[in-house]
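Participant: Sequence below, structure please.
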Amino acid sequence: MLLCRRLLPRVHTPIRVYAQPLIGSQIHGKAISRSRHANIPVHNTLPEDVDLAPVLHRTSRVEKKLLERITCISTWLPPRVPKKSPQVEKTVEALPDPFAAYSKLRAQNRTLATSLPLPILVALSEKATKHGLSTIVDGIATDLLDGIITTSKRQLRVATALLSATHHDSPILDKQKIHSLLILLHQSHALSELSPASISTLVKYIVDNPGSDPYDAKTIDILLPLFHQSLTNQPAPKGSKSMSYRPPGDVFIAFGLIHKLLMFDRDRHALRLFQTLTETCHIPVEAFTEVYHTSAKDNNFAFVIRSTLVRACLHWGWYHRALGIVVTAIRTQVSTDIALTELALSTLHLALHNASTNHFKQCTWLICRLVNSASGAIVPDSMVRLFYEKAMHLQDGPSAEILYRDTQSPRVIRRIKYPLPRGYSLTWLMNHLTIASRNAHLARTLAKQVIDEMEPIPVQDRAHFIALTASHGFSSSARTLWERYSVGRDREAVLGNASLMLRMVSIFSKLIIRTTAEIEEPTSRQDEASSSTASTLDERQKLLEDFLQFTELVIGAFRMSKGSLDETSHYDLSTLARAYVALGRVSEGLDMLKVLLQRYEIPDLYDINIALSAMAELHPKKAVGILKKMVGRGIRPDAVTFGTIIHHAILHGEMRLAGYLIGRAKELGCDELSAKTTALLIRASVNADGTPKSVLKENLQRAWEIIQSGDVSSVVHTPNTGKYCIFASLRLDDPVMAFKFWEALVKEKTEWEDGKQVFQRRLIANMIQRQYQEGALTRSRGRQMLAQLKERRVLL
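Facilitator: Next up is the predicted model:
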């Protein structure tokens with residue numbers, strides 16, 4: 001115990017003194033602490049010389065209460081908010097108590113708000129700037145620049161506090177006010193009051209701005225001497241210490257600043273800053289040794305400085321700074337010369353290896369610019385494949401789609417043929433084109449190119465790639481790939497894949513149904529030309545037999561790969577049942593389900609949907625009867641169950657039955673039907689014969705709302721859906737709505753020269769011209785749509 005008593009005085013016990021309302025002697029300027037520990041200094045309290053008496057003179061009772069709240073700013077701390085909380089960005093909307101009091105006081109009495117004691121005004125400015133309270137910062141800056149804050153000392157102290165933001169990626173104040181505050185400090189010879197960190201932050205704001213603002217150049221002219229002086233005091237070490245040396249942040253900013261100075265035509269200032277970086281060894285000697293072959297026009301000051309800066313950036317590992325310099329240099333030139341192209345290629349190669357999600361868009365822009373360059377620039381095949389691999393790694397499908405679209409443009413193909421993605425990135429790109437963007441034209445082009453160029457597909461991806469090709473209607477490409485990979489050592493990866501087998505059978509069953517209908521019901525045009533009808537029917541018959549033989553081959557190869565039915569898995573048997581039902585061989589499909597029952601396996605909802613699909617294809621009403629029995633026995637149908645029966649009900653023309661099922665699905669909680677069912681409902685609602693125009697207009701508007709609110713990757717967003725909606729809009733004499741559907745669903749989804757799209761564009765353009773002539777459409781709107789359609793029509 002005695003030992004504890006001897007050591008106790010050595011233990012430091014911090015005592016937190018909380019903010020207290022200003023009362024009594026505090027109001028009159030003495031700021032005496034109410035703490036019972038009088039001998040302990042109180043931190044974060046107001047200075048002793050703060051005198052509020054002049055401020056409180058002739059103020060109302062409400063204003064006095066606001067002043068008491070404002071003076072707590074010295075002890076105010078921001079509330080602790082979790083990092084991932086969405087409330088972090090809402091600090092401005094819900095102002096903390098001292099700032100809310102100041103904002104209210106300023107709204108009531110602006111003069112009184114600017115007459116606060118200088119320490120309080122400075123504390124308000126500093127903390128509002130630090131915590132990003134733009135409303136408070138902008139208000140104080142406005143009062144300062146409007147001359148309401150008087151006396152030079154107060155103006156300089158407040159201006160310095162407002163420019164002290166060092167924790168934000170973007171400026172709180174607008175650039176004009178920042179420039180005005182800097183002019184105020186510059187005229188009073190008080191720029192030295194700004195901390196080096198504040199100066200660096202202000203310069204960084206300008207460097208990071210991709211555009212060109214007139215106030216940027218003016219602000220740089222003021223800050224450059226101070227920033228330049230700070231760089232001279234930061235030399236790079238030499239000898240062994242240079243091996244692990246990393247330049248400070250100011251040097252990174254200086255590299256971008258030199259580039260900005262060249263854009264502002266401040267060549268002399270850029271050269272001085274460049275020389276300083278060279279003297280401090282931040283631009284290594286290696287950056288000067290590599291010389292590109294340049295023409296006379298390329299051998300200019302700006303290119304020499306930029307190319308050296310880029311090589312220095314690559315030396316320090318600042319790949320994205322180098323990339324930004326190259327991109328800006330190319331954008332500011334009318335044509336890309338050989339020297340700049342070589343510099344861009346070397347930079348792009350390293351930037352791709354180290355690209356992040358935020359900077360990959362710049363890589364996309366640069367590589368597409370080089371691919372489309374009219375100067376004959378050629379991007380190496382290895383770099384194109386590296387781009388696809390990096391896009392897959394970053395899951396940036398749109399960027400990969402842009403590059404593939406550009407490399408497949410006729411103008412580029414006439415000059416050079418760029419390679420396809422290789423390995424897993426090939427299947428990834430096909431998955432993006434078919435599932436995510438629904439770009440049928442590019443997906444079909446990719447499948448055909450894989451076939452023509454014999455591009456190998458990884459064994460693990462073969463079934464998935466072919467299934468994607470088949471599921472989106474590319475039957476000939478899917479068949480060619482299936483036949484190519486159904487032989488050889490790894491054939492089981494294709495032959496034994498249940499999903500692929502079902503996709504192949506599904507697409508060819510539709511071709512079988514279509515061909516059968518053409519044989520049984522020849523068109524009137526064929527009847528008139530009876531001499532050629534016989535040969536045409538013979539060709540159709542041969543085609544039908546070929547389709548039947550191929551589907552039998554696919555199913556037979558799948559069953560052979562699985563062995564006996566007793567050893568086949570539940571999933572494979574269910575998939576076989578679906579395949580037989582799709583071919584109209586319902587009894588064989590039900591036989592597969594009987595095998596499951598004979599093995600005493602309980603059918604799941606997936607199996608029930610297969611059986612219902614088989615029945616609904618023939619008798620939708622009977623399928624609805626079974627559905628009712630399922631619900632009565634406690635079996636809960638899902639969206640697929642309802643979607644299957646609705647699909648066949650619509651095909652049979654049972655629209656009332658489809659409407660009943662939709663309502664029943666909502667009652668049972670199946671609010672979201674499948675995307676295929678939704679697409680089918682849209683087509684049926686806008687394609688119903690004899691529908692009154694008022695109803696058709698409502699259906700079209702509802703279809704447009706569904707398309708606008710839905711997922712772009714769903715089957716609703718397809719050119720086929722767009723075709724039905726376009727023709728329905730034209731039946732209503734509404735070219736504007738037809739144009740909307742064309743722009744959203746057809747324009748970028750099919751080839752521009754595709755016959756169907758050409759026909760749709762022509763019909764829309766004709767109606768635009770007619771509507772303008774009738775006075776139902778303005779000339780500006782008509783010309784705007786015709787420009788997008790690229791159709792020539794005279795609108796006088």
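
Participant: in the stretch 401-550 of the chain, which spans are helices?
Facilitator: Taking DSSP state H, counting those that start in this stretch, the helices of the stretch 401-550 of the chain run over residues 410-415, 424-431, 440-452, 462-471, 475-485, 492-495, 498-520, 524-528, 530-562.

Participant: Any stretches of the stretch 251-400 of the chain with poor pLDDT?
Facilitator: Residue ranges of the stretch 251-400 of the chain with pLDDT under 70: 289-299, 334-336.

Participant: show me where it has helices.
Facilitator: Using DSSP H, counting those that start in this stretch, helices in the stretch 251-400 of the chain cover 267-279, 286-289, 301-316, 319-331, 338-353, 360-371, 381-394, 397-407.

Participant: one step back: lowest average pLDDT across the helices of the stretch 401-550 of the chain?
Facilitator: Confidence, taken as mean pLDDT, is least for helix 524-528 of the helices of the stretch 401-550 of the chain (a mean of 47).

Participant: Touching, residue 430 and residue 469? I think so.
Facilitator: Yes. Shown here, residue 430 and residue 469 form a contact pair, counting by C-beta atoms under 8 Å, at 7.4 Å. C-beta here means a position set from N, CA and C on the backbone, and glycine is covered the same way.

Participant: any common contacting residues for the two?
Facilitator: Contact criterion C-beta atoms under 8 Å, 6 or more residues apart in numbering; residues shared by residue 430 and residue 469: 443, 447.

Participant: Compare those two (neighbour count), which wins?
Facilitator: residue 469 (31 against 24; other C-beta atoms under 10 Å).

Participant: count of neighbours near the residue nearest to the more buried one when sequence neighbours are not counted?
Facilitator: In space, not counting the residues next to it along the chain, residue 469 is nearest to residue 478; the distance is 4.3 Å by C-beta to C-beta, 6 or more residues apart in numbering. Using other C-beta under 10 Å, residue 478 has 24 neighbouring residues.

Participant: do residue 238 as well
Facilitator: If we define neighbours as other C-beta under 10 Å, then residue 238 has 9 of them.

Participant: Contact partners for it?
Facilitator: The neighbours of residue 238, taking C-beta under 8 Å, 6+ apart as the test, are residue 281.

Participant: Give me the pLDDT for it.
Facilitator: 73.

Participant: got it, and residue 90?
Facilitator: 40.

Participant: Then residue 619?
Facilitator: pLDDT at residue 619 comes out at 79.

Participant: closest one to residue 197 among the helices of the stretch 401-550 of the chain?
Facilitator: Nearest of these to residue 197, taken as C-beta to C-beta: helix 424-431 at 43.7 Å.

Participant: Convert the closest one to CSV, retaining C-alpha atoms only.
Facilitator: This file holds the C-alpha atoms of helix 424-431, laid out as CSV (Å, rounded to 0.1, in the frame of the first residue of the first chain):
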residue,chain,number,x,y,z
TYR,A,424,-10.7,-16.6,-70.6
SER,A,425,-11.1,-13.0,-71.7
LEU,A,426,-12.7,-14.3,-74.9
THR,A,427,-15.6,-15.9,-73.2
TRP,A,428,-15.8,-13.0,-70.8
LEU,A,429,-16.3,-10.6,-73.7
MET,A,430,-18.9,-12.8,-75.3
ASN,A,431,-20.7,-12.9,-71.9
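
Participant: in it, what counts as buried?
Facilitator: By neighbour count on 16 or more other C-beta atoms under 10 Å, the buried set for helix 424-431 is 425, 426, 427, 428, 429, 430, 431.

Participant: what sits up against that helix?
Facilitator: For helix 424-431, the external contacting residues (C-beta under 8 Å, 6+ apart) are 385, 388-389, 391-392, 397, 400-401, 404, 420-421, 443, 446-447, 450, 455, 457-458, 461, 464-465, 468-469.

Participant: before we move on, the earlier item: looking at the helices of the stretch 251-400 of the chain, which is nearest to residue 171?
Facilitator: Of all those, helix 319-331 comes closest under C-beta to C-beta, at 19.2 Å.

Participant: got the angle between the closest one and helix 360-371?
Facilitator: When axes from the mean of the first three to the mean of the last three C-alpha atoms, to 10 degrees is applied, the directions of helix 319-331 and helix 360-371 differ by 40 degrees.

Participant: can you list the residues that contact helix 319-331?
Facilitator: By C-beta under 8 Å, 6+ apart, helix 319-331 touches 210, 252, 255-256, 259, 263, 302-303, 306, 309-310, 313-314, 336, 340, 343-344, 347-348, 350-351, 353-356, 359, 362-363, 365-366, 369.

Participant: Go again with 7 Å.
Facilitator: Residues outside helix 319-331 that contact it (C-beta atoms under 7 Å, 6 or more residues apart in numbering) are 252, 255-256, 259, 306, 309-310, 313-314, 336, 340, 343-344, 347, 350-351, 354, 359, 362-363, 365-366, 369.

Participant: Using neighbour counts, pick out the buried residues of that helix.
Facilitator: Within helix 319-331, the residues scored as buried using 16+ other C-beta under 10 Å are 319, 320, 321, 322, 323, 324, 325, 326, 327, 328, 329, 330.

Participant: do the same with stretch 125-145
Facilitator: Those would be 125-141, 143-145, for stretch 125-145 by 16+ other C-beta under 10 Å.

Participant: and among the helices of the stretch 401-550 of the chain, the most buried is which?
Facilitator: helix 462-471 (a mean of 24; mean count of other C-beta atoms under 10 Å).

Participant: quick one: contacts for residue 127?
Facilitator: 73, 76.

Participant: one more time with 8 Å, if that's ok
Facilitator: 73, 76, 133.

Participant: Quick one: the residues you listed as a markdown table, columns for distance to residue 241 too.
Facilitator: What follows is those, written out as a markdown table (distance: C-beta to C-beta, whole Å):
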| residue | distance to residue 241 |
| --- | --- |
| 73 | 45 |
| 76 | 44 |
| 133 | 43 |
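
Participant: Have a look at the residues you listed and tell me the least confident one.
Facilitator: Comparing those by pLDDT, residue 76 comes last, at 74.

Participant: I figured that one hits residue 98, correct?
Facilitator: Yes. Using C-beta under 8 Å, residue 76 is in contact with residue 98, at 5.2 Å.

Participant: Look at the two and report which has more neighbours.
Facilitator: The residue with more neighbours, out of residue 76 and residue 98, is residue 98; 24 against 18, by other C-beta under 10 Å.

Participant: what's the neighbour count on the nearest residue to that one once chain neighbours are set aside?
Facilitator: Once flanking residues are discounted, residue 98 sits nearest to residue 73: 4.2 Å by C-beta to C-beta, 6+ apart. If you count neighbours by other C-beta under 10 Å, residue 73 ends up with 27.

Participant: same thing with the one 5 residues further on?
Facilitator: Burial measure for residue 78: 11 neighbouring residues, criterion other C-beta under 10 Å.
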